[in-house]
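Trainee: Test case, fold it:
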Amino acid sequence: MNESEAVLSAPARRRLREVTTGLYMISAICGLVDAVCFLALGGVFAEMMTGNLLLMAFSLGTGSALGDTAHYVPALVAFMAGALLGGRLLRGPQKMQERRVGFAVEWVIILSATALAWQGAPDDKNLSGQILVVLLSLAMGIQNAMMRVHGVTDLATNVMTLTFTGIIADSTPAGGDNRNWRRRVLSVGLFFVSAAIGALLLQYGVVWPLLLASVVFSLAMVPLLFGEGKQP
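Mentor: Sure, this is the predicted structure:
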């Protein structure tokens, strides 16, 4: 046992090896990514397709020109492509290997998006910004597909409506048993805080929230790729 392992207790070392730990970490990725896309790249969501569909529907319903809704299309198409790729990976014969490949592909895409933001000056009016939206939506499509199989009950990494509802509906005042309340609260809290941090970092440039997302995801890769399992 080396010095760093000696400092950590056995339960702490075990948590670091669990897939659940990596899933908590990528909960924060979604808030950072959507802060970039919505606030800096034209009011588009990379992972919350409900938001894109609603905004597109509102634009059409209020009589806006088709061109006003076209900027949602790249995000929707890229997300679908990512979900398709993730779905194909999940149907392989070796679930552990598919999990590793899926999250590794997502990691590479996020790193590529960060490199693009570092090298260029993406915004909602240039090609660099459109490519960035496509890359991030592709990554989130893969992640959402992967979570359908490799997710953990009540640990949300993206849209928080059901998780937030569960906190209230299963609470003691509602006559519930507070099932998995810590997991639910931590998921919502990580998503909320990361989105706020993403908005703050955007004041200094698009690259900074993505750089933080890349660092967090890189750390999450250890339990995601080599984790021993997931909590029920």
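Trainee: low-confidence ranges in this protein?
Mentor: Residue ranges of the chain with pLDDT under 70: 1-17, 64-68, 92-96, 150-151, 154, 156-159, 227-232.
Trainee: tell me the centre residue of it?
Mentor: By Cα atoms, centre = their mean, the chain has its centre lying nearest to C30, at 3.2 Å.
Trainee: measure that one to E47 for me?
Mentor: Going from C30 to E47 by Cβ to Cβ, to the nearest Å gives 5 Å. Backbone N, C-alpha and C define where each C-beta goes, glycine included.
Trainee: Kindly report the same for V105.
Mentor: Look at V105 and E47: by Cβ to Cβ, they are 16 Å apart.
Trainee: which element follows the helix or strand L200 falls within toward the C-terminus?
Mentor: Taking DSSP states H and E as the criterion, L200 maps to helix 181-201. Once helix 181-201 ends, the next helix or strand along the chain (criterion: DSSP H and E) is helix 207-226.
Trainee: and that following helix, what other elements does it pack with?
Mentor: helix 10-17, helix 19-40, helix 95-119, helix 181-201 (3 or more Cβ pairs under 8 Å, 6 or more residues apart in numbering; DSSP states H and E).
Trainee: quick revisit: would you pull up how far the helix holding L200 lies from the middle of the chain?
Mentor: Taking Cα atoms, centre = their mean, to the nearest Å, one finds the center of helix 181-201 at 11 Å from the center of the full chain.
Trainee: got the angle for it vs helix 19-40?
Mentor: Orientation check (axes from the mean of the first three to the mean of the last three Cα atoms, to 10 degrees): helix 181-201 against helix 19-40 gives 40 degrees.
Trainee: how about helix 181-201: buried residues?
Mentor: 181, 183-184, 186-188, 190-191, 194-195, 197-199, 201 (16 or more other Cβ atoms under 10 Å).
Trainee: ok, those residues vs V207, which is closest?
Mentor: L201 (8.9 Å; Cβ to Cβ).
Trainee: My understanding was that that closest one contacts P209; is that so?
Mentor: Yes - counting by Cβ atoms under 8 Å, P209 is a contact partner of L201 at 4.5 Å.
Trainee: what sits against F217?
Mentor: F217 is in contact with 25-26, 29, 106-107, 110, counting by Cβ atoms under 8 Å, 6 or more residues apart in numbering.
Trainee: one more time with 10 Å
Mentor: 22, 25-26, 28-29, 32, 103, 106-107, 109-111, 114, 139, 143, 224 (Cβ atoms under 10 Å, 6 or more residues apart in numbering).
Trainee: Closest one to M160 out of the residues you listed, please.
Mentor: Closest to M160, out of all of the contacts of F217 and judged by Cβ to Cβ, is A28, at 12.5 Å.
Trainee: quick one: the closest one and R148, what's the gap?
Mentor: Plainly put, A28 is 20 Å away from R148 if you go by Cβ to Cβ.
Trainee: Tell me which of these two has more neighbours.
Mentor: Ranked by neighbour count (other Cβ atoms under 10 Å), A28 and R148 place A28 first, with 25 against 11.
Trainee: ok, that one touching D34?
Mentor: No - A28 is beyond contact range of D34, at 11.3 Å (criterion: Cβ atoms under 10 Å).
Trainee: Could you save the buried residues of helix 181-201 as JSON lines and add columns showing distance to V133?
Mentor: Below are the buried residues of helix 181-201 laid out as JSON lines (distance: Cβ to Cβ, whole Å):
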{"residue": "W181", "distance to V133": "35"}
{"residue": "R183", "distance to V133": "31"}
{"residue": "R184", "distance to V133": "30"}
{"residue": "L186", "distance to V133": "29"}
{"residue": "S187", "distance to V133": "25"}
{"residue": "V188", "distance to V133": "25"}
{"residue": "L190", "distance to V133": "23"}
{"residue": "F191", "distance to V133": "20"}
{"residue": "S194", "distance to V133": "19"}
{"residue": "A195", "distance to V133": "17"}
{"residue": "I197", "distance to V133": "20"}
{"residue": "G198", "distance to V133": "15"}
{"residue": "A199", "distance to V133": "17"}
{"residue": "L201", "distance to V133": "18"}
